[in-house]
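Chemist: Fold the stuff below for me.
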Amino acid sequence: EAINVMGAWEKLQNNKDRVKPVNLGLVDCGFEVDHEDLKGIYAEVFYDGKTNGVDAADRGHGTHVSGTMAANCDNLTGICGVYPYGKGRLYGVSLGGDQKWGGVNAYAENKGYLNSIMSQKIAYAELIVRNVKVINQSQGFNWYVNKYLKKDDQGNEYVEYDEVKKWWDDPLNFFDQTRIVTDLSDFFQRMIDNGYDFVIVTGAGNDSHPSIGHLDARYASWLTLIPRMVYTEV
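Modeler: Presented below is the predicted three-dimensional model:
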């Protein structure tokens, strides 16, 4: 109800003779292709198998997101995905998690999926050249985990959110990311210039917390760092 999915379904139903289903794409850490509510949904998953995939235990997030996108609507299992025409049209790219599990970061310049523009380019290229029109990547830098996740004397984890806020408010801390993301922006522009069209959906970031309020989403991921005034077509 929050995003008026049922209203969208009604509109699709009323215009079913004119609806042209599109391919969907997911850039994540893989997903459970044999999940009971995803069987028959996906078309292909890249970099997610055997020695060049991610640990099955790490696929929970991707499974959750892919289900939200396109879970089977023709059964009484689980949920119905937002897009009711997703069967056979969902493509996935495993960006990778822990370096030892490979994923697309096995082909990146520094083997680190959080720090590699090359891994991002590879992931998106696999989808865009296959005419995927809507691509979701609900992943971010998660700075609070990378920099300010601590453990107390009993081994319990906690986050120093005051320190996160201080660090976040200094734009110099994001200088390298802002500079490097130009490469990703240029890549998207080249794809558009070559006749591809696509929409990318990204999360606003997981770094905010009630104690500090919502942090500037521009620093949450490569995608949110793309300067709108330069790349208006994207």
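Chemist: need the strands for the chain, in chain order.
Modeler: Using DSSP state E, the strands found in the chain span residues 23-28, 42-46, 90-94, 132-137, 149-151, 157-159, 199-202.
Chemist: The fifth one packs against which elements?
Modeler: Strand 149-151 makes packing contacts with strand 157-159 when contacts are defined by 3 or more Cβ pairs under 8 Å, 6 or more residues apart in numbering; DSSP states H and E. The way it works is simple: take the backbone N, C-alpha and C, and place the C-beta from them, glycine included.
Chemist: Could you do the fourth one as well?
Modeler: If contacts are counted by 3+ Cβ pairs under 8 Å, 6+ apart, strand 132-137 sits against strand 23-28, helix 117-128, strand 199-202.
Chemist: Please spell out which residue in this protein sits farthest from the middle.
Modeler: No residue in the chain sits farther from the centre than D153, which is 34.9 Å out by Cα atoms, centre = their mean.
Chemist: For that one, give me the pLDDT.
Modeler: D153 is assigned a pLDDT of 90 by the prediction.
Chemist: and among the helices and strands packed on strand 132-137, the most buried is which?
Modeler: Comparing the helices and strands packed on strand 132-137 by mean neighbour count (mean count of other Cβ atoms under 10 Å), strand 23-28 comes out on top with a mean of 26.
Chemist: sorry, back to before: same list (the helices and strands packed on strand 132-137) but as JSON lines, adding distance to Q139 and mean pLDDT.
Modeler: Formatted as JSON lines, these follow (distance: least, Cβ to Cβ, whole Å; pLDDT from 0 to 100):
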{"stretch": "strand 23-28", "distance to Q139": "7", "mean pLDDT": "93"}
{"stretch": "helix 117-128", "distance to Q139": "10", "mean pLDDT": "90"}
{"stretch": "strand 199-202", "distance to Q139": "8", "mean pLDDT": "92"}
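Chemist: and those as JSON lines, adding distance to D162?
Modeler: JSON lines is the format used below for those (distance: least, Cβ to Cβ, whole Å):
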{"stretch": "strand 23-28", "distance to D162": "31"}
{"stretch": "helix 117-128", "distance to D162": "31"}
{"stretch": "strand 199-202", "distance to D162": "27"}
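Chemist: so which of those gets nearest D169?
Modeler: Among the helices and strands packed on strand 132-137, strand 199-202 comes nearest to D169, with 22.0 Å by Cβ to Cβ.
Chemist: List the pairing partners of the closest one within its sheet, with orientation.
Modeler: Within its sheet, and counting by DSSP bridges, strand 199-202 is paired with strand 132-137 (parallel).
Chemist: Fine, thanks again, bye for now.
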